[in-house]
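[1] Fold the following for me, if possible:
(4 chains)
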Protein chains: 2
Amino acid sequence: MSTVGKALELLELFTPARGQIGLSDLARLAGLNKATCFRLVSDLCAHGLVEQIAASRDYRLGPALLRLAALREALVPTRTAALPVLQALADATGETAHLSILEGGSLRSLARAYSAAHATRVTLEDVSILPFHATASGLAVLAFQDEVARAAVLAAPLPRLTPQTETDPATLRQRLEAVRRSGIASGTGGFDAEVESLAVPLFDALGRCSGGLAVAAMASRMTPAQQALIRAELIRAGRAITTLWGGTPPAAVSLAWQAAD
Amino acid sequence: MSTVGKALELLELFTPARGQIGLSDLARLAGLNKATCFRLVSDLCAHGLVEQIAASRDYRLGPALLRLAALREALVPTRTAALPVLQALADATGETAHLSILEGGSLRSLARAYSAAHATRVTLEDVSILPFHATASGLAVLAFQDEVARAAVLAAPLPRLTPQTETDPATLRQRLEAVRRSGIASGTGGFDAEVESLAVPLFDALGRCSGGLAVAAMASRMTPAQQALIRAELIRAGRAITTLWGGTPPAAVSLAWQAAD
DNA sequence: CAGTTTGGTTCATTATTTGAACCGATGGTT
DNA sequence: AACCATCGGTTCAAATAATGAACCAAACTG
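    Here you go, the predicted structure:
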């Protein structure tokens, strides 16, 4: 592995649950020698991607990321552009809306919006990586990847997160086929037993499916009427975000969405 | 220079004006061999910090930055927390408010808020690095750095950006002394001849002055009454952001701000 | 169509990275 | 208080990964 690769992997070690890490822990987590780790993290510090907390001497992600992310958003407003649509979706459905993007082979949470309608809501604050096989977003996105990527995901171990999680690759392939036909995916209790969700794929300027948009509701509230509402709103919002990203849905999806309207 | 350092310097080459860069240009700008540059940028790509545009083969900042920046903001909400205060400041003064943070030895623009009050406004969209000697924010922040950092800035060449730009280190030192006494800095036409601005320093949880907050107005609109209003609002907002950042102003600043109220 | 420049690759040379051992400081535990 | 473990950080010979000139094929440019 290249030295640069090792340094960049250090960045991946920071998660919502683990916001700051000491040098020894960092070395352990990365599987690096402490001295090596120190040099790498020092380099990251020097460029502001990581910073050291004076008091505890722990390291955490640095302020340069804000600037770089702002620069990225100025050029390719992935998040900024989608945010209002996301909130509108949450408002229109009265449920939690959720935007994720494909990055580094995994589907990652990018933003969520809550509705004020209900006191009980699906909170997703701490979910950072969405398993493809167990979430509506995951299925929606996976359905529109090329066969190699899809095969890789289905070949890897598929953990059973709840009793309802589908873990059989063959069955999943059938579901993905259905997603491709309908342009919409559903995940019922696969990730959290009490949560039911629907999701549509999102397409970027390069025609790739690079994200997913989902609405997650408490299973108890998911009446057929509510389902229909969510489907319609999801399709509207999916079209809107795809357009904002400069993309167009594949013809098949466009047709399926039109039919569902 | 470390390999990692070289790779991270590539990130710095992307600016608002230069959002995407081809391999050869990238190598030239970085002063690297093309092959070396290719390997480095490939590593960055592999981790999503940079991505390649399929069509032009140019490179641009990647989507991983969004996730990392969001993670940073979740832990240390520097920008998120300050944004509403910034907008309130713009609204209260009817002018452009501007937040900058110290990062990698330079003062960088982090956010701006515009007032709807006037059709003519100071736009700062493309300013990314603020010269310490020629802006109110720069003086406000520089005044509260330790002597080594301050000496380094004053020893470097101080470009004359307008006829009014003060470039004499000795005179600047006097101004900085005045800023320390009053807790507020002013910059009149030093950066842009027609813009007058006021700024206060901001302090983070570690007691360091790590940012500046400014209000910039067209010089023609800056009446004494308007000046007084801006000063008062700036102090309020400065106190608010410093508190949100978990910091406290040095006693001297606290007193000066109290006296000005 | 000839000349340039592009993104990308190769491979022997070279310079950088690596890690065991070590340091002083800190914080429990007995 | 003596002990032990662990912390962040440093050192330097040995090992490994980075480097860059030369070289492609393809895409522009005149």
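[2] in what helix or strand does the closest residue to DNA strand C within the stretch 151-261 of chain A lie?
    Proximity to DNA strand C, evaluated over the stretch 151-261 of chain A using CB to the nearest atom of the strand, is greatest for A:Leu206 at 14.5 Å. All C-beta spots, glycine's among them, are computed from the backbone N, C-alpha and C. A:Leu206 is part of no helix or strand when elements are defined by DSSP states H and E.
[3] Phi and psi next, for it.
    Here is the backbone geometry of A:Leu206 (degrees, to the nearest 10): phi -100, psi 10.
[4] residue contacts, it?
    Contacts for A:Leu206 (CB atoms under 8 Å, 6 or more residues apart in numbering or on different chains) come out as A:247, B:53-55.
[5] if we go to 10 Å?
    A:245-247, B:53-55 (CB atoms under 10 Å, 6 or more residues apart in numbering or on different chains).
[6] what does chain A have sitting close to DNA strand C?
    Contact residues, chain A versus DNA strand C (CB under 7 Å from any atom of the strand): A:3, A:6, A:32-36, A:39-40.
[7] Distance to B:Ala88, secondary structure and neighbour count for the residues you listed - can I get that in CSV?
    Converted to CSV, the residues of chain A next to DNA strand C look like this (distance: CB to CB, whole Å; DSSP: H, G, I helix; E, B strand; the rest coil; neighbours: other CB atoms under 10 Å in any protein chain shown):
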residue, distance to B:Ala88, secondary structure, neighbour count
A:Thr3, 46, helix, 16
A:Lys6, 44, helix, 17
A:Leu32, 46, coil, 19
A:Asn33, 50, coil, 10
A:Lys34, 47, helix, 12
A:Ala35, 48, helix, 10
A:Thr36, 47, helix, 14
A:Arg39, 44, helix, 16
A:Leu40, 41, helix, 24
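[8] Quick check: the farthest pair among the residues you listed?
    Pairwise distances across those peak at 15.9 Å for A:Thr3 and A:Lys34 (criterion: CB to CB).
[9] Select the longest helix from chain A.
    Identified as the longest helix of chain A according to DSSP state H is helix A:224-244.
[10] which strands and helices sit next to that one?
    helix A:78-93, strand A:96-103, helix A:136-142, strand A:185-188, strand A:195-203, strand A:209-218, helix A:251-260 (3 or more CB pairs under 10 Å, 6 or more residues apart in numbering or on different chains; DSSP states H and E).
[11] Make a markdown table out of these and add mean pLDDT and mean neighbour count.
    Below are these laid out as a markdown table (pLDDT from 0 to 100; neighbours: other CB atoms under 10 Å in any protein chain shown):
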| stretch | mean pLDDT | mean neighbour count |
| --- | --- | --- |
| helix A:78-93 | 96 | 19 |
| strand A:96-103 | 96 | 26 |
| helix A:136-142 | 98 | 28 |
| strand A:185-188 | 94 | 23 |
| strand A:195-203 | 96 | 27 |
| strand A:209-218 | 96 | 26 |
| helix A:251-260 | 94 | 15 |
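[12] so which of the ones you listed comes closest to B:Ala69?
    Of all those, helix A:78-93 sits nearest to B:Ala69, with 9.6 Å by CB to CB.
[13] name the helices or strands packed onto the closest one?
    helix A:64-75, strand A:96-103, strand A:106-113, strand A:195-203, strand A:209-218, helix A:224-244, helix B:64-75.
[14] Is chain B within reach of the second one?
    Yes: using CB under 10 Å from any CB of the partner chain, we find that strand A:96-103 touches chain B at A:101-103.
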